[in-house]
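Q: A structural model of the following input is requested.
(2 chains)
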Protein chains: 2
Amino acid sequence: MNPIPVIEAARDGTGPNPDELEAFLRGYLEGRVEEYQMSAFLMAIVLRGMGREQLSRMVEVMLHSGRVLDLSHLPGPRVDKHSTGGVGDKVSLALAPLAAGLGLFVPMMSGRGLGHTGGTLDKLEAIPGFRTQLDLAEFEAILTSEGFAMIGQTEEIAPLDRRLYDLRSVTATVPSIPLIAASIMSKKLAEGLGGLVLDVKAGSGAFLPAEEETLALARTMVAIGDDHGVSTVALVTAMDRPLGRSVGNALEVEEALACLRGEGPADLREIVLSLATEMQLVGGTMQERDRARERAVEELDGGGPLERFRRVVERQGGDPKSLDDPGRLPATPVRLAVEADREGTVLEVEPAPLGRAVVELGGGRTRLGQEIDPAVGFSGLAQPGDVLASGDRLGVVHARSGDAAILAAEVLRSAVRVGEEEAGEVRSRPLVSHRITAADLETSVPG
Amino acid sequence: MNPIPVIEAARDGTGPNPDELEAFLRGYLEGRVEEYQMSAFLMAIVLRGMGREQLSRMVEVMLHSGRVLDLSHLPGPRVDKHSTGGVGDKVSLALAPLAAGLGLFVPMMSGRGLGHTGGTLDKLEAIPGFRTQLDLAEFEAILTSEGFAMIGQTEEIAPLDRRLYDLRSVTATVPSIPLIAASIMSKKLAEGLGGLVLDVKAGSGAFLPAEEETLALARTMVAIGDDHGVSTVALVTAMDRPLGRSVGNALEVEEALACLRGEGPADLREIVLSLATEMQLVGGTMQERDRARERAVEELDGGGPLERFRRVVERQGGDPKSLDDPGRLPATPVRLAVEADREGTVLEVEPAPLGRAVVELGGGRTRLGQEIDPAVGFSGLAQPGDVLASGDRLGVVHARSGDAAILAAEVLRSAVRVGEEEAGEVRSRPLVSHRITAADLETSVPG
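A: Prediction:
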């Protein structure tokens, strides 16, 4: 195969012939297309975009580059959820056992924190003993009996994605909606799903803060899922403030547990229920939205999902007692309550500075493979619309040292904006602003 | 140095900091920037262009990546001419000895045929015995005593250009005005020139057929020359038909010799005189255009340049007798006269099909290093404006076999369009349509 016409077509925005594109990608896997040819191709995609047909073919090659799970023996629909990442996003910990309780099978493969956003694996590992590196046989066994299991990406899944991701990170070819969508979807589709719900974050704390980019990413991923016969829906959800009132790995586990007990912040519960509703619809176990939502509420409030979570934690090596006794979760020696210095209404809580502060406190990574401190973070965070009297708390910093706590407290103070407005006048994003299905798409995917 | 911010700036069209760009290019030369990073950078330049300051810095690094001739000991201005390449362009063979006769030193390093366009080296090698691969010491000795010498690019000149060119050819990053301009100018500026005249071809037979691209390339090269303190001017000349009436290596040598004898086609003589005029102006030996042109006419018609050409041919190993006796130049066994099948005015002679036909006849290469047949081609070609009676010739095909001649005759027939118009109504490009100097430029270079 001659790689040059494929690169030329990408460069000229005319779109390579899908069969030639497939040969190009296979040639790369087999060493017949050079790294320098692939990087030129990737830069052309960054700058010229990619058509839907080409993108779906690329995802096809990526997902079949490694092992594809065959979960067809499971006695129910396989449905997963993917979030594009945010601050305080502990949704998966409550959602996976809830969806399993609703008759779905959730083969959840998650990632670690990236930049200012947290990662499900890091949160799970805040539970003492929890193992996220199961082999696929153990993963499937837990999934089969409990309806969900939660692990990290394995080397066997979509190795082409990993190679492309590594090359993109050293060639300034990361920011591309089709390439980001292909990376996410190739891994998710390798899970052998029947349905997929995407939680695409929008707002200043999202990976792509511009709303048109958020929507383009959501549409692109839905298109890819649809092209692969996976019923896919995307909810665009608010990330102009943290989700819930805690940020930091162990603190977020506590908040997810509160949700599983029917308690905790209303926004977290609402997102969990919205996504559980969509998962039943894409999984085909329910046809009516209202009824699906009622079932999700009943199931969550019945306490089954908490028991299911406890069983999976135990099977994955975690300490089940820590779920009832927060004293068994990692904790910091220093806790610093940060008080509001004026009364008024909380107008804004910027998520990205708080996410970066958690990294600074040791709760995230600045380089690959770094050990993290699961205990640090923020709890009891103010949310937009909260009405504060002077002296009320903006939140509590959890830190290893007083100095670190004081710095993080400063970040918290400047991340929160308080004003005179009435609570009803606060202008935040709606919690769920868009719902995007395959039927909403045009044929061409935005670049 | 971190290559990623340089690639990012190229990708975003913001223009890398010139010092960081220089470090990036030096890092590539020294193996600290990878091929895959350079190819991503090159693709970004193809799609986003490059600012003037960045481009001039890039040329600076390229030209200093190898040997830079120091010809400051020569007792006169060093001036060269570069053509972007066309069909029938034998200008250098007559121009170099003419310019030398006008007191200029012309250190001409030329290239070979590329695609449908011919190359000066291939034409020179049609002269039996002529050596184009002199070492630089011999080149400088001939240049010093005769005022000009003509060789091929050596490995010592601008090796970074060669590496980038090789990488571009396998990564679909060739078509970029700044990269083309940088490649040409880095090699020319390494000749240690004081002045440079560019013959930028425009029209269907040019490398860049679109007029706006031709003009952008001309402006970009003039800007680079100006930024390096080399007085540079570009003439945009017609390549909507072949230059002169012969195409093919030995046939073009004959036509260049006719020009040196004060004979031959008017268009060839006019281009040679126009470029010789500009060379005197950029070299600073003449200040007034009209007077410079008069001197060029006197010198050419005085016969000195023909004698000078003869001496250089002899010193470079060529058979000087072949210059007076065309029977000593390579010739084909088959000559096929092609007659017009209707009377009328020649409206158009398409150059690119004729150039490709010469390649097909064996007079050019379809792969690197291929041996070529110097004798084949076309002579006596009709030109736009010629008035033909029925049976008048469109040209003569020179070929190795009758079959090849018949195919080439077909190409010639369809390349020539004859109509009813009066000769004065024929719409061809003006022979010289634009003259571009540094004073005409804006600060930003088109991408």
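Q: got a list of what A:Ala158 touches?
A: A:62-63, A:65-66, A:186-187, A:190 (C-beta atoms under 8 Å, 6 or more residues apart in numbering or on different chains). From N, CA and C alone the C-beta is placed, and that goes for glycine too.
Q: what pLDDT does it get?
A: Per-residue confidence at A:Ala158 stands at 94 (pLDDT).
Q: check the gap between it and chain B for me.
A: Separation of A:Ala158 from chain B (C-beta to the nearest C-beta, to the nearest Å) stands at 20 Å.
Q: again with A:Ala404
A: From A:Ala404 across to chain B, the span is 29 Å (C-beta to the nearest C-beta).
Q: what about the closest residue to that residue other than its chain neighbours, neighbour count?
A: Once flanking residues are discounted, A:Ala404 sits nearest to A:Leu361: 5.7 Å by C-beta to C-beta, 6 or more residues apart in numbering or on different chains. Neighbourhood size, A:Leu361 [other C-beta atoms under 10 Å in any protein chain shown]: 26.
Q: repeat for the one 10 residues further on
A: Residue crowding around A:Glu371 was assessed by other C-beta under 10 Å; the count is 7.
Q: that one: which element?
A: Under DSSP states H and E, no helix or strand contains A:Glu371.
Q: how about the residue in the stretch 251-400 of chain A that chain B sits nearest to, secondary structure?
A: For the stretch 251-400 of chain A and chain B, the shortest gap (C-beta to the nearest C-beta) falls at A:Arg367, measuring 14.3 Å. State at A:Arg367, reduced to three classes by DSSP: H, G, I helix; E, B strand; the rest coil: coil.
Q: residues touching the spatially most central residue of chain A, list them.
A: Chain A has A:Ser83 as the residue nearest its centroid, 2.6 Å off, counting by C-alpha atoms, centre = their mean. Neighbouring residues of A:Ser83 by C-beta under 8 Å, 6+ apart: A:89, A:91-92, A:198-201.
Q: for it, give the beta-bridge partners.
A: Beta-bridge pairing of A:Ser83, defined through DSSP bridges, involves A:Asp199.
Q: the strand or helix carrying A:Asp19: what's the following helix or strand?
A: Taking DSSP H and E as the criterion, A:Asp19 maps to helix A:18-29. As assigned by DSSP H and E, the chain's next helix or strand after helix A:18-29 is helix A:35-48.
Q: how far away from the center of its chain is that next one?
A: Distance of helix A:35-48 from the chain centroid (C-alpha atoms, centre = their mean, to the nearest Å) equals 27 Å.
Q: counting by contacts, list what it packs against.
A: helix A:3-12, helix A:18-29, helix A:159-169, helix A:177-189, helix B:3-12, helix B:35-48 (3 or more C-beta pairs under 8 Å, 6 or more residues apart in numbering or on different chains; DSSP states H and E).
Q: A:Leu21 touches A:Ser56, doesn't it?
A: No - using C-beta atoms under 8 Å, A:Leu21 is not in contact with A:Ser56, being 10.4 Å away.
Q: tell me who's in contact with A:Lys90.
A: A:118, A:123, A:243-244, A:246, A:252-253, A:255-256, A:259, A:268.
Q: now do stretch A:431-439, average pLDDT.
A: For stretch A:431-439, the mean per-residue pLDDT is 96.
Q: need the strands for the stretch 251-400 of chain A, in chain order.
A: For the stretch 251-400 of chain A, the strands defined by DSSP state E, counting those that start in this stretch cover A:334-339, A:344-349, A:377-379, A:387-388, A:393-399.
Q: make a markdown table from the ones you listed and add mean pLDDT and mean neighbour count to it.
A: Output for those, formatted as a markdown table (pLDDT from 0 to 100; neighbours: other C-beta atoms under 10 Å in any protein chain shown):
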| stretch | mean pLDDT | mean neighbour count |
| --- | --- | --- |
| strand A:334-339 | 98 | 16 |
| strand A:344-349 | 96 | 20 |
| strand A:377-379 | 98 | 28 |
| strand A:387-388 | 96 | 16 |
| strand A:393-399 | 98 | 25 |
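Q: and of the ones you listed, who's closest to B:Glu343?
A: Among the strands of the stretch 251-400 of chain A, strand A:344-349 comes nearest to B:Glu343, with 84.4 Å by C-beta to C-beta.
Q: where does chain A have low pLDDT?
A: For chain A, the stretches flagged by pLDDT under 70 are A:442-447.
Q: chain B contacts on that one?
A: A:3-4, A:7-8, A:10-11, A:34-40, A:42-44, A:46-48, A:167, A:170-173 (C-beta under 8 Å from any C-beta of the partner chain).
Q: coming back round to it: quick one, which of A:Leu21 and A:Ser56 is more surrounded?
A: With neighbours defined as other C-beta under 10 Å, A:Leu21 and A:Ser56 compare such that A:Leu21 has more, 23 against 20.
Q: need the contact list for the more buried one.
A: Residues near A:Leu21 by C-beta under 8 Å, 6+ apart: A:6, A:54, A:57-58.
Q: just the buried members of these?
A: A:6, A:54, A:57-58 (16 or more other C-beta atoms under 10 Å in any protein chain shown).
Q: nearest to A:Leu114 among those residues?
A: A:Met58 (22.1 Å).
Q: chain neighbours aside, what residue packs nearest to that closest one?
A: In space, A:Met58 is closest to A:Ala182, 5.5 Å off (C-beta to C-beta, 6+ apart).
Q: can you tell me how far the one you found sits from B:Asp89?
A: Counting by C-beta to C-beta, to the nearest Å, the separation of A:Ala182 from B:Asp89 is 47 Å.
Q: try A:Val346
A: Counting by C-beta to C-beta, the gap from A:Val346 to B:Asp89 is 74 Å.
Q: ok, A:Met62 next?
A: Going from A:Met62 to B:Asp89 by C-beta to C-beta gives 49 Å.
Q: ok, the two, which is more surrounded?
A: Taking neighbours as other C-beta under 10 Å, A:Met62 and B:Asp89 compare with B:Asp89 leading, 29 against 25.
Q: where along the stretch 101-250 of chain A do the strands fall?
A: Here the stretch 101-250 of chain A has its strands, by DSSP E, counting those that start in this stretch, at A:106-110, A:148-152, A:195-202, A:231-238.
Q: sorry, back to before: and which of the buried ones among the contacts of A:Leu21 is nearest chain B?
A: Distance to chain B across the buried ones among the contacts of A:Leu21 (C-beta to the nearest C-beta) is lowest for A:Val6, with 8.3 Å.
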